[in-house]
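1. The following comprises the amino acid sequence and a computationally predicted model.
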Amino acid sequence: MALARVLANPVLTAPIIGPRTVEQLRDTIKAVEISLDEEIFCMLNNIFPGPGGKTPEAYAW
């Protein structure tokens, strides 16, 4: 799901996946088959705003 979200984001151009095994690579490639509609994409962006958004207190060291 995380990789599908990254792939659906037009401002991101090159996700780094880093599989250690062929099996992990095969599982990762399945992300291109997931289609996120606008509603789900917006909900995920509200939960995980990413860089440039307000930093959660847990990360503000």
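-> Yes, it's here. Numbers count the residues shown, from 1 in each chain.
2. Just the element for the residue lying closest to Leu12 once chain neighbours are set aside, please.
-> Excluding the flanking residues, the one nearest Leu12 by C-beta to C-beta, 6 or more residues apart in numbering is Val6, at 5.4 Å. Backbone N, C-alpha and C define where each C-beta goes, glycine included. Per DSSP states H and E: Val6 is located in helix 2-8.
3. Check the separation of the first and last residues in stretch 28-38.
-> Stretch 28-38 stretches 22 Å from its first residue to its last (C-alpha to C-alpha, to the nearest Å).
4. can I get the CA coordinates of the helix holding Val6 in CSV?
-> The C-alpha trace of helix 2-8 is given here as CSV (Å, rounded to 0.1, in the frame of the first residue of the first chain):
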residue,chain,number,x,y,z
ALA,A,2,2.8,2.4,0.9
LEU,A,3,4.5,1.9,-2.5
ALA,A,4,1.2,2.2,-4.3
ARG,A,5,0.7,5.6,-2.6
VAL,A,6,4.2,6.7,-3.6
LEU,A,7,3.6,5.6,-7.2
ALA,A,8,0.2,7.4,-7.3
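5. ok, and what's touching the next helix or strand after it?
-> Where DSSP H and E defines the elements, the next helix or strand beyond helix 2-8 is helix 22-29. For helix 22-29, the external contacting residues (C-beta atoms under 8 Å, 6 or more residues apart in numbering) are Leu3, Ile17, Pro19.
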